[in-house]
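Undergrad: Quick one, what's the 3D model for this:
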Amino acid sequence: MVTDIIKDKILNSGKNSEAQIILPEVNDSRVINAKKELNRLGFNIVSIDDYRKNIDIYLDYISGLPFTNNWPADNLRLFLEDPINLGMAMVACDDADCLVAGAVTASSEIIRAAIRLVGIRPESNCVSSIFLMIDENGNNALTFGDCAVIPEPDSKQLAMIAAESAEFHYFLTGEEPAVAFLSFSTKGSSSHYRVDKVRNAVEIFAHKYPNIKHDGEIQFDAAIIPEVAKVKTPNSPLSGNANVFIFPNLDAGNIGYKIAQRLGSYSAWGPLLQGLNKPVHDLSRGCSVDDIVNVAAIAALQRNMYANI
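TA: Just a heads-up that it's a prediction; the model follows:
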């Protein structure tokens, strides 16, 4: 029997946050039905049309951003006719708390608009993503990152992805993060420049975040199966019980989450963007109504997370 403990917790907490959520892709049938379900559950969905009266505020805001340097007024207005851009401006100007899109818009466009309009957190060096992977019983969650944004992260980016993924995992699940920096090598079993990149990331992470449990470089089986860990990494602080998995590149991350989803019967919530000033999340263009509801609930819940940043 599927218990959906984690899903119910996130939905209830997200609703109680009273966050104002924007779903700007208003003509898609899945988005329309997701809005109905979110309204039924008690979430606060706002319409961008209700805020067009504030267009001069948004025009003033975007006119001061670097990418609109010397744009004529007509171009600024045309830019805000795109509901994605208008929604992002609303979030940036605090007329809404969060935005979820991507059902019909390419991920690259969502991420570009988010970086331009919402901006990157000062303490972050990149925008990345996680998937919250929930088992078929609904009571155990793993975090996979990055699976959707950075094709070849360098060591500094990997360390930042790990730190933000650990923070996100704790926020969503309440569990102490145990971070595994994944590789095809475990503790020197192979030599390769790709392994060196992961090792360097671990060193950076250990220096900056010594209180977060972690290990690497490590193979997936040694990170998640205690019996294998006893053989391959007998002194690892993870002991085969990692819950945050940092993939060395986008190939590995994207393939890995889809294998877990399709063969392991895990639900994949995301991609959830991290590193931005406000909660903005992408959707797969193959998303379902449930996917939209789940990601919107997380975005709403993050109102509390970002309030403490």
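Undergrad: where along the stretch 151-300 of the chain do the strands fall?
TA: Remark: strands assigned in the stretch 151-300 of the chain by DSSP state E, counting those that start in this stretch are 178-182, 213-218, 244-246, 267-274, 280-282.
Undergrad: closest to residue 151 out of the ones you listed?
TA: Comparing the strands of the stretch 151-300 of the chain against residue 151 with CB to CB, the closest turns out to be strand 267-274 (13.9 Å). Placement of C-beta: from N, CA and C, glycine included.
Undergrad: Quick one: mean pLDDT over the closest one.
TA: Mean pLDDT, computed over strand 267-274, is 92.
Undergrad: ditto for stretch 59-67
TA: 94.
Undergrad: So what touches that stretch?
TA: Stretch 59-67 has contacts (CB atoms under 8 Å, 6 or more residues apart in numbering) with 68, 71, 73, 76-77, 79-80, 89, 92-93, 116-117.
Undergrad: From these, pick the one nearest residue 232.
TA: The shortest approach to residue 232 among the contacts of stretch 59-67 belongs to residue 116, at 44.3 Å (CB to CB).
Undergrad: The nearest residue to that closest one once chain neighbours are set aside and residue 86, how far apart?
TA: The spatial neighbour of residue 116 that comes closest, neighbours along the chain excluded (CB to CB, 6 or more residues apart in numbering), is residue 67 at 5.2 Å. Noted for residue 67: a distance of 16 Å to residue 86, by CB to CB, to the nearest Å.
Undergrad: okay, those two: which has more neighbours?
TA: Between residue 67 and residue 86, counted using other CB atoms under 10 Å, the more crowded position is residue 86 (22 against 11).
Undergrad: which secondary structure element contains the more buried one?
TA: helix 83-92 (DSSP states H and E).
Undergrad: Pull the number of nearby residues for residue 18.
TA: Residue neighbour count, defined by other CB under 10 Å, stands at 12 for residue 18.
Undergrad: Does it fall in a helix, a strand, or a coil region?
TA: Using DSSP: H, G, I helix; E, B strand; the rest coil, the structure places residue 18 in coil.
Undergrad: so who does it touch?
TA: Residue 18 neighbours (CB under 8 Å, 6+ apart): 44, 303.
Undergrad: Okay, residue 58 and residue 69: tell me how far apart.
TA: On the measure of CB to CB, residue 58 and residue 69 end up 17 Å apart.
Undergrad: Between the two, which is the more surrounded one?
TA: Each of residue 58 and residue 69 has its neighbours counted (other CB under 10 Å); residue 58 has more, 24 against 8.
Undergrad: what domains does the record give for the chain?
TA: With domains defined by automatic domain parsing, the chain comprises 1-119+283-309, 122-275.
Undergrad: Please identify the deepest-packed of the ones you listed.
TA: The highest average neighbour count among the domains of the chain, using mean count of other CB atoms under 10 Å, belongs to domain 122-275 at a mean of 19.
Undergrad: how distant is that one from the center of its chain?
TA: A distance of 13 Å separates the centroid of the chain from that of domain 122-275, by CA atoms, centre = their mean, to the nearest Å.
Undergrad: re the thing from before, which residues does whatever helix or strand comes next after the helix holding residue 86 contact?
TA: Moving toward the C-terminus from helix 83-92, the next helix or strand (DSSP H and E) is strand 98-101. Applying CB under 8 Å, 6+ apart, the contact partners of strand 98-101 are 19-25, 84, 87-88, 90-91, 110, 114, 278-283, 292, 295-296, 299-300, 302-303.
Undergrad: swap the cut-off to 6 Å and go again
TA: Applying CB atoms under 6 Å, 6 or more residues apart in numbering, the contact partners of strand 98-101 are 19, 21-25, 84, 87, 91, 110, 279-281, 295-296, 299.
Undergrad: ok, that strand: who's next to it in the sheet?
TA: Here strand 98-101 is paired, per DSSP bridges, with strand 20-22 (parallel), strand 280-282 (parallel).
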